[in-house]
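>>> Build me a structure from this.
(one chain, ligands or ions: 1)
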Amino acid sequence: MHTPEKLLLENKAWSSEITQKNPEFFTALAAEQKPDFLWIGCSDSRVPAETVVNARPGEIFVHRNIANQVITTDFNCLSVLQYAIEVLKVKHVIVCGHYGCGGVKAALQPQRSNLVITNKWLLHIKDIYRLHQDELESIDPAKKLNRFIELNIVEQVYRLAHTSIIQSAWQKGHHPSIHGWVYGLEDGLISELIKLDHNTQIHPIYRYID
Ligand code: CO
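Residues are numbered from 1 along each chain as shown. Prediction:
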């Protein structure tokens, strides 16, 4: 898989294989999408959303960025979230990070001059480090990165719960649950770290009043 031409050839083969098995597959999907899941994942090429959960086209609405961040002034992520909740009415929002995440690893390093834009993105992750500094600096240094990766995922789940988009849905009787998952690059397995639902108590300073 080293040239774009190869990708296009693979695409033709993929399309014809699906069409042979189910001639209606693409025409049915073209009419509408009804995914039950919004996936917010890392851009890392080793964690492709649909592949790791064996999903088919139409099943997962996807947003990916470096280190699976939900930044509450990021209109890209928020637009995806709003559309997924308000229009697609997804039942679950999944933040899936992964062990060995290069973005989280980079956030543990000083800012590099060749990555002035990326540094600003990583500052959000550094803030999560500062929030959990006592724990992260007291554990076995060999476990620090993976624990930070887990904490980063959990924080994104809380950030989602703090958005007006999620709280408004919960108040209106649409009850998407929010899951924090971590994927293991070494075994291909996913574990759940946290799950929040509409019964979650939101701290008053984050509460959305409709
Ligand atoms: Co990553």
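>>> Show me what the top helix by length along the chain packs onto, helices and strands only.
Determined from DSSP state H, the single longest helix within the chain is helix 141-162. Here helix 141-162 touches strand 92-98, helix 102-107, helix 116-131, helix 133-138, strand 177-183, strand 190-196, going by 3 or more CB pairs under 8 Å, 6 or more residues apart in numbering; DSSP states H and E. To be clear about C-beta, it is placed using only N, CA and C from the backbone, and glycine gets the same treatment.
>>> does that helix come close to the ion?
No - judged by CB under 5 Å from the ion, helix 141-162 stays clear of the ion, getting no closer than 8.2 Å.
>>> Check which residues of that helix are buried.
By 16 or more other CB atoms under 10 Å, the buried positions in helix 141-162 come out as 144-146, 148-162.
>>> what's near enough to touch the nearest residue to residue 177 once chain neighbours are set aside?
Using CB to CB, 6 or more residues apart in numbering and skipping residues adjacent in sequence, the residue nearest residue 177 is residue 197, 4.5 Å away. Neighbouring residues of residue 197 by CB atoms under 8 Å, 6 or more residues apart in numbering: 175, 177-178.
>>> Counting neighbours, which of these comes out on top?
With neighbours taken as other CB atoms under 10 Å, the top of those is residue 178, carrying 25 neighbours.
>>> What separation is there between that residue and residue 78?
15 Å (CB to CB, to the nearest Å).
>>> Give me the helices and strands touching the helix or strand encompassing residue 20, please.
Per DSSP states H and E, residue 20 falls inside helix 4-21. Packing partners of helix 4-21 (3+ CB pairs under 8 Å, 6+ apart): helix 25-31.
>>> can you redo the helices and strands packed on helix 141-162 as CSV with distance to the ion and mean pLDDT?
Output for those, formatted as CSV (distance: least, CB to the ion, whole Å; pLDDT from 0 to 100):
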stretch, distance to the ion, mean pLDDT
strand 92-98, 6, 98
helix 102-107, 5, 97
helix 116-131, 11, 96
helix 133-138, 18, 97
strand 177-183, 9, 98
strand 190-196, 14, 98
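>>> Which stretch among the ones you listed is buried most, on average?
Scoring those by mean neighbour count under mean count of other CB atoms under 10 Å gives strand 92-98 as the most buried, with a mean of 25.
>>> what lines up beside that strand in the sheet?
Strand pairing for strand 92-98, determined by DSSP bridges: strand 37-42 (parallel), strand 177-183 (parallel).
>>> Could you list the domains of the protein?
Following automatic domain parsing, the chain resolves into domains at 1-31, 32-206.
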